[in-house]
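Colleague: Let me see the structure of the following:
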Amino acid sequence: MIDALGRRIDYMRLSLTDRCNLRCKYCMPQPVPDIPHPEILRYEEFLRICRCAVELGITKFKLTGGEPLARRGAAEFAARLKALPGVEQVTITTNGLLLRQALPGLVEAGIDGINLSLDTIDPARYAAITGRDQLAEAMAAAEAAAASGVPTKLNAVLLGETAPGLPDLVAWADSLPRPVDVRLIELMPLGCAAGHAGPTQEEALALLRARWPDLRPAPAGERRGNGPASYFLSDTLQGRVGFIAANTHTFCQSCNRVRVTSTGGLKPCLCYAETVDLRALLRAGAGDGQLLEAMERAIFQKPAAHCFSQPERMTEHARMNEIGG
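Modeller: Residues are numbered from 1 along each chain as shown. Prediction:
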């Protein structure tokens with residue numbers, strides 16, 4: 001589908017749950033009430049939304065959370081989504097703690113990619129950030145994902161305390177059984193992250209170039225995913241280092257995505273609270289025509305740009321586990 005600004009919207013992120021088994025300090029550091037189960041979309045409701053999305057030209061889907069694997073049946077849902085006519089790609093983002101046991105099911109489902117969130121490979125820092133002493137499991141999950149043959153990426157949020165260890169994270173990723181890209185994400189001022197700060201892309205690049213002086217932009221035509229990451233390569237690295245630098249490098253002019261929250265809110269832009277309540281339509285008995293009309297209108301009116309550089313203009317103040325990572 002083409003929105004009002006001529007952008008092709010072909011990618012949808014589905015938050016399967018708000019629940020997570022980590023307590024990352026920039027996301028949901030304290031125990032918070034879970035959204036009651038009846039308010040969470042059923043898998044059949046997600047599939048109906050996805051069927052309508054395909055009719056609108058959206059063919060690529062990302063399963064997120066919270067932690068999507070914390071929801072029972074996530075791998076089976078991935079298989080059902082992958083089997084829908086017109087769906088070209090289904091990928092998943094996970095913290096890895098439940099990945100090794102879910103991996104056979106995801107591979108059988110035909111999952112097209114795994115993004116594993118891992119900010120550091122320093123055990124003490126990992127525990128301080130996540131509230132859990134589970135680094136060994138997360139690292140083992142990354143190794144298993146890479147060895148499975150499924151294209152695997154590591155996602156790391158850029159934090160001041162983990163910045164010195166970024167070269168070690170990239171070097172470790174490069175030692176995995178198959179090439180793994182590492183994507184470094186500038187900390188966006190959303191929810192609990194609003195009180196934290198982290199390095200910029202340029203600051204992180206300077207740290208990495210101290211070890212890999214030849215780190216340089218990858219060829220312009222090289223595609224390594226559906227998102228806005230810009231990639232860098234070195235002759236001595238198998239994978240790429242990517243940056244998602246929403247704070248310092250605006251990429252809204254080429255944004256191709258929308259989100260559906262676990263409660264059925266269709267969200268055209270991350271930093272604005274406005275959503276279309278698809279759950280209400282579904283449970284009121286709306287036909288596919290009504291769903292399509294509501295989705296098409298929301299996507300067509302997608303905002304021109306986020307406003308992370310002007311936090312006072314933001315209307316979204318929910319935690320990322322509520323929005324969908």
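Colleague: Hmm, residue 10 is touching residue 60, no?
Modeller: Yes: in this structure, residue 10 is within contact of residue 60 by C-beta atoms under 8 Å, at 6.0 Å. C-beta: built from backbone N, CA, C; applies to glycine.
Colleague: For residue 115, which three-state class applies?
Modeller: Three-state call for residue 115 (DSSP: H, G, I helix; E, B strand; the rest coil): strand.
Colleague: hmm, back to that, shared neighbours of residue 10 and residue 60, anything?
Modeller: Residues touching both residue 10 and residue 60 (C-beta atoms under 8 Å, 6 or more residues apart in numbering): residue 226.
Colleague: Return the distance of residue 202 relative to residue 236.
Modeller: According to C-beta to C-beta, to the nearest Å, residue 202 stands 22 Å off from residue 236.
Colleague: Could you do residue 250 as well?
Modeller: Distance, residue 250 to residue 236, using C-beta to C-beta: 31 Å.
Colleague: Please apply the same query to residue 90.
Modeller: From residue 90 across to residue 236, the span is 33 Å (C-beta to C-beta).
Colleague: before we move on, what about residue 11?
Modeller: Distance from residue 11 to residue 236, by C-beta to C-beta: 32 Å.
Colleague: Comparing those two, which residue is more hemmed in?
Modeller: residue 11 (21 against 12; other C-beta atoms under 10 Å).
Colleague: Surely that one touches residue 58?
Modeller: Yes: taking contacts as C-beta under 8 Å, residue 11 lies within contact range of residue 58: 6.7 Å.
Colleague: Return every residue with contacts to both of the two.
Modeller: residue 258.
Colleague: got any ranges where the protein has weak pLDDT?
Modeller: Counting by pLDDT under 70, the ranges of the chain that qualify are 189-196, 307-322, 324-325.
Colleague: residue boundaries of the strands in it?
Modeller: Counting by DSSP state E, the chain has strands at residues 11-15, 60-64, 89-94, 113-117, 152-157, 181-185, 216-217, 230-233, 241-244, 257-260, 265-267, 276-277.
Colleague: which helices and strands sit right next to the first one?
Modeller: Which is strand 11-15. helix 43-55, strand 60-64, strand 257-260 (3 or more C-beta pairs under 8 Å, 6 or more residues apart in numbering; DSSP states H and E).
Colleague: Just the residues contacting the longest one, thanks.
Modeller: Counting by C-beta under 8 Å, 6+ apart, the neighbours of helix 43-55 from elsewhere in the structure are 12, 14, 16, 41, 58, 61, 73, 77, 80-81, 84-87, 260, 264, 266, 278-279, 282, 288, 291-292, 295.
Colleague: out of these, which are buried?
Modeller: 12, 14, 16, 41, 58, 61, 77, 80-81, 87, 260, 264, 266, 278-279, 282, 291-292, 295 (16 or more other C-beta atoms under 10 Å).
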